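Q: next comes the sequence, and after it the predicted model I'd like to discuss.
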Amino acid sequence: SQQGEEDPQALSIQEGENATMNCSYKTSINNLQWYRQNSGRGLVHLILIRSNEREKHSGRLRVTLDTSKKSSSLLITASRAADTASYFCATDARGGSNYKLTFGKGTLLTVNP
Amino acid sequence: DGGITQSPKYLFRKEGQNVTLSCEQNLNHDAMYWYRQDPGQGLRLIYYSQIVNDFQKGDIAEGYSVSREKKESFPLTVTSAQKNPTAFYLCASSIIPPGAQPQHFGDGTRLSIL
């Protein structure tokens, strides 16, 4: 089964609002990454957070990691229509291969103008 | 500009036919990966390669084969043994871990059965 599971599966908001997506995983991890995928395109890396970090920021993105709850959240502030995409979390399991990322099923974010 | 190029963008396979998907990168990355994405699903790892002339099976390698003769290239062959090949195939590359590194993706090849 997938290591990461995003919640919600789909999210629709108005431009200017904040969007929050959550990711839960089952086993201990070394790192967690978030990626964005526009329709019909490849994935684009957004941010990587290590297991000893609790929060990271990048522009309008804020990622938190709670290893005790095995969960992470991605917050996009002041959303824009161009943020419309699917967002995936990916984890590499502690004790597993450093090369192997396990992806969740993604959250489809729609930002309405 | 550095990046990953996948070709073709669309590919159609006939029954009993093997088809090869191309993936080329000019990022000087040692590691390369092939993923399969089905509608509404996440990515599943097919094969990955850490160095030239070496590769490992991922979670769903059956019915697929790869080669890594050059650092820049990592082609994927979907064989006739893969009974359900219709999917979106993504190639990625990264620098060598330790620790996970961001993966850089191509824009994918959509494979369908004729």
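A: Cool, the structure landed.
Q: quick check: mean pLDDT across stretch B:30-39?
A: Confidence over stretch B:30-39 (mean pLDDT, whole number) is 94.
Q: ok, B:Ile113 - how many residues close by?
A: 12 (other Cβ atoms under 10 Å in any protein chain shown). Yep, even glycine has a C-beta here, placed from its N, CA and C like the rest.
Q: no, scratch that, I was asking about A:Glu17
A: Close neighbours of A:Glu17, defined as other Cβ under 10 Å, add up to 12.
Q: same check, this time on B:Gly40
A: 10.
Q: for B:Gln82, same thing?
A: 21.
Q: so it is in contact with B:Ser65, correct?
A: No: with contact defined as Cβ atoms under 8 Å, B:Gln82 does not count as touching B:Ser65 (9.9 Å).
Q: and residue 85, its phi and psi?
A: Using chain A here. phi -180, psi 180 (degrees, to the nearest 10).
Q: that's the wrong chain, I wanted chain B
A: Dihedral angles of B:Pro85 (phi, psi; degrees, to the nearest 10) stand at phi -80, psi -10.
Q: can I assume it is in contact with B:Gly63?
A: Yes: with contacts counted by Cβ under 8 Å, B:Pro85 reaches B:Gly63, the gap being 7.4 Å.
Q: how much space separates A:Leu46 from chain B?
A: Distance from A:Leu46 to chain B, counting by Cβ to the nearest Cβ, to the nearest Å: 9 Å.
Q: what secondary structure does that residue sit in?
A: The three-state label given to A:Leu46 by DSSP: H, G, I helix; E, B strand; the rest coil is strand.
Q: quick one: terminal-to-terminal distance for stretch A:59-75?
A: This stretch, stretch A:59-75, spans 11 Å end to end (Cα to Cα, to the nearest Å).
Q: now it: buried residues?
A: A:61-65, A:70-74 (16 or more other Cβ atoms under 10 Å in any protein chain shown).
Q: what's the most distant pair in those residues?
A: A:Leu61 and A:Lys70 (20.9 Å; Cβ to Cβ).
Q: now do the contacts for residue 45.
A: Since you didn't name a chain, this refers to chain A. A:33-35, B:102-104 (Cβ atoms under 8 Å, 6 or more residues apart in numbering or on different chains).
Q: my question was about chain B, not that one.
A: Contacts of B:Leu45 by Cβ under 8 Å, 6+ apart are A:100-102, B:33-35, B:58-60.
Q: one more: B:Thr20?
A: B:75-78 are the contacts of B:Thr20 under Cβ under 8 Å, 6+ apart.
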